[in-house]
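> with the sequence up front, the predicted model follows.
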Amino acid sequence: MTETNRIEYKAQLTKDLDLEKEVVAFLNYHEGGLVYIGIDKNGKTLGVTDSDADMLKIKDRIKNNIAPSAMGLFDVVSEEKDGQPIIKIIVASGSEKPYFKKKYGMTEKGCFLRVGTAAEPMPQAMIDKLFAGRTRNSIGKIKSHRQDLNFEQLSIYYQEKGKTLNSQFKKNLELLTEDGDLNYAAYLLADVNNISIKVAKYNGLDRVNLAENNEYGYCSLIKATKSVLDKLEVENTTFATITSKERIEERLWNAVALREAVLNAFVHNDYTREVPPKFEVFDDRIEITSAGSLPEGLSQEDFFKGVSIPRNKELMRVYKDVELVEQLGSGIPRILQSYGSYCFKFMDNFTRMVFPSSGKASHNPAPDSDWDTLQKEFHTLRSSDKPSGDGFLPWIKDNLPTLVRELQESFRITSGKLQENFGKGFEIPKILGSENTSGKPSYKKLPNSFIILMLLAIDATITAEEISTLIGISERAVFSNLDKLKNANLIERVGGRKEGYWQIIVQE
């Protein structure tokens with residue numbers, strides 16, 4: 001393995017090694033990066049003699065020699081490669097660029113940027129531009145409206161991990177503003193605050209019949225996080241399927257992915273909007289919604305690769321101290337091991353994770369249909385690198401009988417209703433057998449509104465943009481067809497324009 005734009009090798013940690021330069025370059029780089037100690041430039045593993053001592057030195061140097069503070073933006077871990085111990089420094093892209101070596105300040109001698117496989121001096125013009133646009137409304141800079149805060153709960157969680165909060169903990173954990181006042185991060189971690197954290201449980205597939213509305217907030221965010229994790233652990237029941245050969249047990253949701261999703265929502269929520277994360281359990285899924293979309297400079301592609309730009313580095317640091325989170329950037333890859341990228345919904349002001357429930361299928365489909373398999377196949381198509389009608393339309397043809405049966409049996413949409421809205425000449429067998437002059441199956445006779453209706457039966461959270469890509473029509477045409485289905489009393493809108501979704505109406 002050679003050096004790349006995100007990987008830097010160092011043979012050993014010495015006083016002459018300009019480690020700060022490499023870390024600063026990755027902090028200023030939009031993807032962050034990794035620094036390995038114990039590997040030479042050619043990728044040969046040399047190892048380190050005292051990893052524990054070196055790790056302490058590394059943490060101390062990054063903490064004291066770089067500004068703005070990089071606490072919560074880096075991680076130092078010990079690994080083994082080729083049978084020898086090495087050190088890996090994980091550096092996230094920071095939100096308060098430009099970062100610099102304190103010794104030289106915001107100058108070309110102090111600011112660096114990763115360019116290819118090297119840390120290059122940052123031009124002064126870029127330094128000035130980044131400083132002008134630096135984020136100033138983070139939870140570390142906002143003064144708490146309450147200054148009479150106590151931290152007994154936080155102290156207990158640190159003690160449980162064999163750590164002690166000394167008299168300087170507010171400064172060490174960056175819970176103070178530049179003027180010395182308690183900041184909003186401190187407010188979130190205090191024993192008492194006004195942050196409501198709820199876990200709602202609904203009967204059915206929408207938000208109409210609220211069965212439970214559990215409140216776990218108004219306390220330290222750490223305590224609220226643990227309470228939500230405990231509650232969802234109870235909700236994550238196990239279903240057993242007995243076959244002729246064995247008993248197969250499966251939980252509603254993958255436990256590791258669920259835990260990571262909850263922690264991600266708490267740590268990366270945009271609290272400057274004063275909107276807390278929310279957790280909602282439905283009969284066929286769980287939805288976890290946090291305020292804020294992707295941080296500026298982070299693309300969806302980088303996000304799914306595990307590139308991390310912590311929105312709240314103060315919280316990240318504390319959550320790592322109490323061992324709720326592990327390495328930077330490890331959460332999303334863990335989620336993707338169990339659920340595809342289709343489970344993530346990025347909106348203008350919110351990010352939502354939707355995990356479908358296993359062990360029981362959506363809408364109670366017909367016993368002879370393999371609805372779970374069909375949904376998984378669809379999500380595989382949907383999460384492909386370049387989803388399009390080329391792969392989707394043939395899939396529709398192959399599964400049309402199952403899809404139509406779902407509409408008829410789960411939503412009571414009769415053949416008469418289908419013909420009333422999609423034309424008297426709408427005959428499924430005839431459409432499946434039709435061919436064009438090229439000898440290939442023709443799908444043009446399937447009305448777009450009908451295809452959209454089937455898509456909503458598979459996944460009510462699908463967006464107009466995704467429908468447009470899959471069917472090959474404009475978003476304007478998608479909304480026109482949605483209006484047509486709404487006017488026919490086949491679908492209804494649940495929730496607002498940005499957070500809501502379309503739901504098929506069960507016919508009387």
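On my side now, so go ahead. Numbering: from 1, shown residues only.
> quick one: low-confidence ranges for the stretch 301-450 of the chain?
Applying pLDDT under 70 to the stretch 301-450 of the chain flags the ranges 327, 329, 359-372, 376, 380-391, 409, 424-445.
> apply 80 and report the result again.
301-302, 305-309, 326-330, 340-342, 348, 358-416, 418-419, 423-446 (pLDDT under 80).
> do a quick rundown of the strands in it.
Secondary structure of the stretch 301-450 of the chain (DSSP state E, counting those that start in this stretch): strands at 344-346, 350-356.
> gap between the shortest one and the chain center?
Here the centre of strand 344-346 is set off from its chain's centre by 8 Å, with Cα atoms, centre = their mean, to the nearest Å.
> what about the stretch 151-300 of the chain, any weak spots by pLDDT?
Ranges of the stretch 151-300 of the chain meeting pLDDT under 80: 239-249, 295-300.
> show me where the stretch 301-450 of the chain has helices.
Assigned by DSSP state H, counting those that start in this stretch, the helices in the stretch 301-450 of the chain fall at 313-321, 331-336, 371-382, 389-410, 415-422, 428-433, 448-458.
> now the ones you listed as TSV including distance to L232 and mean neighbour count?
All C-beta spots, glycine's among them, are computed from the backbone N, C-alpha and C. What follows is the helices of the stretch 301-450 of the chain, written out as TSV (distance: least, Cβ to Cβ, whole Å; neighbours: other Cβ atoms under 10 Å):
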stretch	distance to L232	mean neighbour count
helix 313-321	17	22
helix 331-336	14	19
helix 371-382	22	17
helix 389-410	27	17
helix 415-422	39	15
helix 428-433	41	12
helix 448-458	25	21
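> as TSV, those with distance to D148 would be great.
Putting these into TSV (distance: least, Cβ to Cβ, whole Å) gives the following:
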stretch	distance to D148
helix 313-321	20
helix 331-336	34
helix 371-382	50
helix 389-410	55
helix 415-422	63
helix 428-433	69
helix 448-458	51
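> nearest to F151, out of these?
Nearest to F151 among these is helix 313-321 (10.5 Å), distances taken as Cβ to Cβ.
> before we move on, the earlier item: let me know which of the strands of the stretch 301-450 of the chain is tucked in deepest.
Looking across the strands of the stretch 301-450 of the chain with neighbours counted as mean count of other Cβ atoms under 10 Å, the highest average goes to strand 350-356: a mean of 21.
> where does E8 sit: helix, strand or coil?
Per DSSP: H, G, I helix; E, B strand; the rest coil, the local secondary structure of E8 is strand.
> count the neighbours of K57 for me.
Under the neighbour criterion other Cβ atoms under 10 Å, K57 is assigned a count of 15.
> hang on, the earlier thing: T463 is nearest to which of the strands of the stretch 301-450 of the chain?
Closest of those to T463 is strand 344-346, at 7.4 Å (criterion: Cβ to Cβ).
> which of the strands of the stretch 301-450 of the chain sits closest to T177?
It's strand 350-356; of these, that one is closest to T177 (Cβ to Cβ) at 27.2 Å.
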